[in-house]
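Colleague: 3D, please:
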Amino acid sequence: MSYIAVIGAGSWGTTLACLLAEKGYDVSLWVHEKTLSESLHVTRVNATYLPDTVIPENIRVTNNIEEALQRARYVLNAVPAQYVRDVFSGGFPYMLEEAIIISLSKGIERGTHLTVSSVLKELSSHRVAVLSGPSFAKEVIRKLPTAVTLAIGDKNNGYILQEVFNMNNFRVYTHDDIIGVEIGGALKNVMAIASGISDSLGLGNNARASLITRGLAEIKRLGVAMGAQERTFSGLSGIGDLVLTCTSILSRNYTVGVKLGEGLKIGDVLKQSKSVAEGVATAESAYELAKKFNVDMPIVEQVYNVIYGDKDPLQAVRSLMERSLKTEFYI
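Modeller: Okay, the predicted model is just below:
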């Protein structure tokens with residue numbers, strides 16, 4: 001079986017490492033935090049990110065990226081989007097020439113406005129695929145039914161990777177729209193913050209449904225402007241991931257929104273969380289991309305204003321409701 005390296009030991013990276021090892025693959029798990037790596041060696045439990053799961057003994061846990069990468073045919077990027085460049089800049093020299101990267105990160109890099117696959121391609125010539133969709137790690141590790149999308153430009157390798165990741169309760173569909181899958185995965189986190197704010201303010205089910213629907217319209221407009229296929233946003237990595245993330249307390253980004261709606265400032269919210277809420281950084285990138293591509297994204301704009309402009313959340317809602325009237329469907 002092919003050797004697989006999972007780079008990043010958050011809940012999602014740890015979950016896939018466990019499931020792939022159980023399936024029979026030779027897996028290593030690279031852990032950024034040295035203390036967490038040492039703890040995993042002793043306890044075989046990722047107490048920080050996945051405390052209820054025992055890490056199989058056949059997974060090699062390491063804090064040494066060279067050790068993790070040097071034999072890997074497939075490399076899973078489970079590093080938060082804003083750290084991908086630093087981690088992989090140091091890791092690429094140790095990768096096999098034929099290695100394929102499968103990115104699990106859902107975000108847009110600050111400053112460059114690049115999706116994660118674009119960052120990876122800028123750094124090297126390795127082929128990159130993207131795995132995305134409605135998939136909370138806590139449910140996947142319990143083997144609850146889940147379906148996701150694997151986007152890759154090379155159809156033959158897509159079929160191979162589909163077989164690698166497909167499991168009894170983890171169904172994988174293939175697609176060729178990498179940028180669309182990434183935009184859907186990144187922007188849904190911003191909409192989840194908006195949804196959390198709405199629910200925290202007690203605005204009701206109608207408001208949440210409206211946010212999800214109009215949020216999808218904004219995501220689609222930006223995605224198409226950036227070269228994505230419109231149909232992608234009707235799929236698992238689009239509406240599927242959006243609905244999941246906007247309606248569950250298991251979502252880190254939704255939880256951020258709830259706390260913002262309660263009146264906490266973003267700095268205090270982030271201090272309370274051990275995990276990275278990708279939507280916070282992505283809100284800034286999405287706001288700037290909307291300006292760059294001249295795309296109307298009012299929900300993104302108000303989330304940005306709450307996070308970075310210290311705008312009162314209820315006033316942000318009023319700003320959305322008091323906008324000039326429009327037709328529902330427009331480009």
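
Colleague: so Ile219 is in contact with Leu242, correct?
Modeller: Yes: contact criterion Cβ atoms under 8 Å: Ile219 and Leu242 qualify, at 7.2 Å. No exception for glycine: its C-beta is placed from N, CA and C like everyone else's.

Colleague: overlap of the contact sets of the two?
Modeller: Contact criterion Cβ atoms under 8 Å, 6 or more residues apart in numbering; residues shared by Ile219 and Leu242: Gly184, Lys188, Met191.

Colleague: pretty sure the last one sits against Leu211.
Modeller: Right, Met191. Yes: if you go by Cβ under 8 Å, Met191 and Leu211 touch, sitting 6.6 Å apart.

Colleague: got any residues that touch both of the two?
Modeller: Common neighbours of Met191 and Leu211 (criterion: Cβ under 8 Å, 6+ apart): Cys246, Ile299.

Colleague: okay, those two: which has more neighbours?
Modeller: Comparing Met191 with Leu211 by other Cβ atoms under 10 Å, the one with more neighbours is Met191, at 30 against 23.

Colleague: now do the SS call for Ile102.
Modeller: Secondary structure assignment for Ile102 (DSSP: H, G, I helix; E, B strand; the rest coil): strand.

Colleague: about what we covered before: comparing Ile219 and Leu242, which residue is more hemmed in?
Modeller: Between Ile219 and Leu242, counted using other Cβ under 10 Å, the more crowded position is Ile219 (29 against 26).

Colleague: mind checking how far the more buried one is from Pro313?
Modeller: Per Cβ to Cβ, to the nearest Å, Ile219 is found 21 Å from Pro313.

Colleague: what bits of this structure have low per-residue confidence?
Modeller: The model of the chain has pLDDT under 70 over residues 1, 331.

Colleague: break down it into its strands, ranges please.
Modeller: 3-7, 26-30, 45-46, 50-54, 60-62, 74-77, 100-103, 127-132, 146-151, 170-175 (DSSP state E).

Colleague: got CSV for these, with distance to Val119 and mean neighbour count too?
Modeller: Output for the strands of the chain, formatted as CSV (distance: least, Cβ to Cβ, whole Å; neighbours: other Cβ atoms under 10 Å):
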stretch, distance to Val119, mean neighbour count
strand 3-7, 13, 25
strand 26-30, 18, 25
strand 45-46, 26, 20
strand 50-54, 26, 14
strand 60-62, 23, 19
strand 74-77, 10, 26
strand 100-103, 9, 24
strand 127-132, 9, 24
strand 146-151, 16, 22
strand 170-175, 20, 17
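
Colleague: give the contact list for the closest residue to Glu182 other than its chain neighbours.
Modeller: Excluding its sequence neighbours, the residue lying closest to Glu182 (Cβ to Cβ, 6 or more residues apart in numbering) is Thr115, at 4.1 Å. For Thr115, the contacting residues are Ile108, Glu109, Ile178, Ile179, Glu182, Ile183, Ala186, by Cβ under 8 Å, 6+ apart.

Colleague: again with Val148
Modeller: Going by Cβ under 8 Å, 6+ apart, Val148 touches Leu131, Ser132, Gly133, Pro134, Ser135, Phe165, Phe170, Arg171, Val172, Tyr173, Leu236, Ser237.

Colleague: Arg221 is in contact with Ile183, correct?
Modeller: No: the pair Ile183 / Arg221 is not scored as a contact, 10.3 Å apart, by Cβ under 8 Å.

Colleague: quick one, which of these two is more surrounded?
Modeller: Neighbour count, other Cβ under 10 Å: between Ile183 and Arg221, Ile183 has more, with 29 against 19.

Colleague: how close does the residue nearest to the more buried one when sequence neighbours are not counted sit to Ile179?
Modeller: In space, and not counting its chain neighbours, Ile183 is closest to Gly223: 4.1 Å by Cβ to Cβ, 6+ apart. Separation of Gly223 from Ile179 (Cβ to Cβ): 7 Å.
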